[in-house]
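Q: need a structure here:
(one chain, ligands or ions: 2)
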Amino acid sequence: MPQRPYVIDQMISAKSIAARIEDLSCEIHDEFAGTDKLVVVGLLRGSFVFIADLVRELDLPIEVDFLEASSYGDGMESSREVRILKDLRGAIEGRDVLVVEDIIDTGYTMHHVQNLMLSRKPARLKTIALLDKPTRREVEIKADWTGFEIPDEFVVGYGIDFAQRNRNLPYIGKVRFT
Ligand code: IMP
Ligand code: MG
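A: Ligands and ions are numbered 1, 2, ... in the order given. Model (predicted):
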């Protein structure tokens, strides 16, 4: 598909992301200290870099699982209709669960995933999002931990894509059409 030309302006450096993850991991560690049944659930595909860095900062016995929810397709607008494309491999009943998301935008995805997880009766459910665009919210929801609040810009990098590209950038940048 032809793409309008664009450039990417850096918004959050790799260094700032790493520093923030270190802080967040301390808070998460305090929350889950003593647990031996924590499952860290990454939402594919956007959270794969974030979850990789986050779990390596967590000195806790954890398992990692993944869930894929439908999202933007190749566009820049939320579909608002969330479908589960790939479910968890493991059961979470009675387990502690931490859901890891890349961005909360309208809130539909996190809302849907949270309800799905709760229907499976975990012992404890917590959520973390690297980025939050609060001004875009259509469903009232907030993650237990947020990396950075950002303005209403379309961002890429650090796992996050625009039409499947730019996930491999080590920093978060905003898309600017030229
Ligand atoms: P929500 O359901 O509207 O909250 O959308 C959440 C999902 O939309 C995220 O998990 C991302 O996959 C995607 N998304 C939201 N904002 C952006 C963005 O700025 N760049 C790329 N993907 C985004
Ligand atoms: Mg996503």
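Q: mind telling me what element Gly34 is part of?
A: For Gly34, there is no enclosing helix or strand under DSSP states H and E.
Q: could you check how far it is from Leu130?
A: 26 Å (Cβ to Cβ, to the nearest Å). All C-beta atoms are positioned from the backbone trio N, CA, C, and that covers glycine.
Q: likewise for Thr35?
A: Using Cβ to Cβ, Thr35 is found at 22 Å from Leu130.
Q: for the two, indicate the residue with more neighbours.
A: Leu130 (31 against 14; other Cβ atoms under 10 Å).
Q: average pLDDT for stretch 51-69?
A: Across stretch 51-69, the average pLDDT comes to 97.
Q: and it, how far out from the chain middle?
A: 11 Å (Cα atoms, centre = their mean, to the nearest Å).
Q: over to stretch 44-55?
A: 7 Å.
Q: for stretch 37-44, same thing?
A: So, by Cα atoms, centre = their mean, the centroid of stretch 37-44 is 11 Å from its chain's centroid.
Q: leaving out sequence neighbours, find the closest residue to the most centrally placed residue in the chain.
A: By Cα atoms, centre = their mean, the chain has its centre lying nearest to Glu101, at 1.4 Å. Leaving out its chain neighbours, the residue that sits closest to Glu101 by Cβ to Cβ, 6 or more residues apart in numbering is Ala129, at 4.4 Å.
Q: partner strands of the helix or strand encompassing the one you found, with direction?
A: Remark: Ala129 resides in strand 124-132, with elements defined by DSSP H and E. Here the strand partners of strand 124-132, with direction, are listed using DSSP bridges: strand 96-104 (parallel), strand 145-149 (parallel).
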